[in-house]
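> Below is the sequence, then the predicted model.
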Amino acid sequence: MSKVFKENFKEKLKSSGVSRRDFLKFCTTMAGVLALESTMAPKIAHALETKKRPPVIWLEFQDCAGCAESFLRATRPTVEKLILDTLSLDYHETLMAASGYLAEEAKEKTIKEGKYILIVEGAIPTAENGIYCTIGGKTAIEHLHEAAKNALAIITVGNCASFGGLPKAAPNPTKAAGVMDIIKDKPIINLPGCPVNAVNITATIVHYITFNKLPKVDKLKRPLFAYGYRIHDNCERRAHFDRGEFVHEWGDEGHRNGWCLYKMGCKGPVTFANCPRVRWNDGVSWPVGAGHGCLACTEPDFWELGAYNQANIPEYIPPATYPKVGKVKKEVPSSADKILGGLIGAAVGGAVAIGLTKIGNKKSEDE
C-alpha cells in the first residue's frame, strides 16, 4: 500500500507543478521550523511520501475565518496546501463544495469511522447552554463534543479556539471559552495567534505524520518548537532596547530609525512565539519589523492588555532573576529602563574597575 501511496503522492506533486527539489526544500524547512537537525529532512520526506494520512475535520465557531484564510494564503512552498489536501479534508464549512445535509453526512461518516484529526477554529460560547452559536440545530458545544469523541487529537488554530480570543474579551456576554476549557479527555495542541501562522499548522501536522505523535508542549499546550522562545529575545530591535533607544511617538526620529517599540506598547518582552524567525507573507516581514508593536496575540487574554499599554515586565519576569548591579542613580520612567540602566551601569562600572586596577599595577611597577 505504501508503494502505491508513494507513487500517487509523487504524481500529485508533479501535477501540481511541485518539483522534487521543491519538495525536499519544503522538508528541510519543516525540519528547521520544528527545531530539528537538517539530517531529519529525509525522514520527513519519507514519512510524507509513504504514510497514509488521517482525515481532517475542521470546525469553525466564534471566529472571523482569519486562520483559514491565513492557511489558504500560504505559498512557500505550495506543498503546504498539498499536505492538507492529501490529509483528506473531509469537512470544512468555508472550503468544502457540499453544503447542508450533504456536508453534515460527510462529517458524520468521518466521525463514525474515527481516527481523524480535529482542527477547531473559533471560540465556543457557553452562556445559556451555548445558544449563541448554533449550526444545523446544534450548539457549538454539542458539535465540539460530537466531533471530539473519536478524534486522534485536537489542534486548535488561532487565539479564539485556544484561549477564547476576542469573543472572550470583557464583558464576554456569550461566556466564550477555548477548546481546552471544555474537552478534557483528548490530546490537544494549541496554535494561538490572531491569526495563526500557517507555517505552524503545517509543521504540527508534519510532526504528527513523521513521528506518529504530537510535538512537546508548554503549560498552555503550545508546541515548544513554535512557542518556546520569547519574541523579545529574537527581535531585530532588541539591541535598541538594550541601549535605551525607544520610539516615543509614531513618526518620531526613533520610529524612523527602527528603534525599540516597547514604550509604544510592544508586548514582545512578555510574548512567546516564533514570529521573528518564520515571519509572514512568505517570510517577508512581521508586525514589529513593519513598525508596529507586538500585541501578544499568542498569549491568553491579550485583548485585556491594551494595544498601546506598556507591558509590566516584572509581572512576567521575577525580579529575583535580575542581575545584582546596585542602585541606578538616574530616575527612569519604567521598569524596563531600570533593568536597562542597571545592566549598562554594571558594564561601565566593570570597565572602570579594570582600568583603575591596571593604573594601580603600573604605579606599583614604577615605584
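Alright, I've got the coordinates. Numbering: from 1, shown residues only.
> contacts and neighbour counts: CA atoms only from here.
Fine.
> buried set for stretch 92-109?
H92, A103, K107, E108 (16 or more other C-alpha atoms under 10 Å).
> Show the end-to-end separation of that stretch, please.
Taking C-alpha to C-alpha, to the nearest Å, stretch 92-109 runs 14 Å from one end to the other.
> for it, what is the average pLDDT?
Taken as a whole, stretch 92-109 has a mean pLDDT of 82.
> Give me the distance between it and the centre of its chain.
Here stretch 92-109 is found 28 Å from its chain centre; the criterion is C-alpha atoms, centre = their mean, to the nearest Å.
> And for that stretch, what's in contact with it?
Stretch 92-109 has contacts (C-alpha atoms under 8 Å, 6 or more residues apart in numbering) with I57, W58, L59, E60, A65, D90, Y91, G136.
> Mind picking the two most distant members of these?
A65 and G136 (18.6 Å; C-alpha to C-alpha).
> Could you tell me which of the contacts of stretch 92-109 belong to strands?
Counting by DSSP state E, the part of these found in strands is I57, W58, L59, E60, D90, Y91.
> so the second one touches V120, yeah?
Looking back up the chat, that one is W58. Yes - between W58 and V120 there is a contact at 5.7 Å, judged by C-alpha atoms under 8 Å.
> more neighbours, these two?
V120 (26 against 23; other C-alpha atoms under 10 Å).
> ok, now how distant is A98 from N281?
30 Å.
> Off-centre distance for stretch 53-67?
The chain centroid and the centroid of stretch 53-67 are separated by 16 Å under C-alpha atoms, centre = their mean.
> Quick check: which ranges of this structure have low pLDDT?
1-8, 74-87, 316-367 (pLDDT under 70).
> show me where it has strands.
56-60, 89-92, 116-121, 124-125, 134-135, 138-139, 151-157, 176-177, 188-191.
> related to what we said a few turns ago, just the ones in helices from the buried residues of stretch 92-109, please.
When those are checked against helices (DSSP state H), the matches are A103, K107, E108.
> mind putting the residues you listed in CSV, distance to A290 included?
Output for those, formatted as CSV (distance: C-alpha to C-alpha, whole Å):
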residue, distance to A290
A103, 41
K107, 41
E108, 44
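> just curious, which of those residues is nearest to L24?
Nearest to L24 out of those is K107 (C-alpha to C-alpha; 33.2 Å).
> So the closest one versus I155, what's the distance?
Separation of K107 from I155 (C-alpha to C-alpha): 17 Å.
> same deal with D22?
D22 sits 27 Å away from I155, going by C-alpha to C-alpha.
> Name all residues that make contact with the residue nearest to A203 when sequence neighbours are not counted.
Of all residues not flanking A203 in the chain, M30 sits nearest, at 5.9 Å (C-alpha to C-alpha, 6 or more residues apart in numbering). By C-alpha under 8 Å, 6+ apart, the contact set of M30 is A41, A203, V206.
> What of G66?
C194, P195.
> for C235, same thing?
If you count contacts by C-alpha under 8 Å, 6+ apart, C235 has them with G268, P276, V288.
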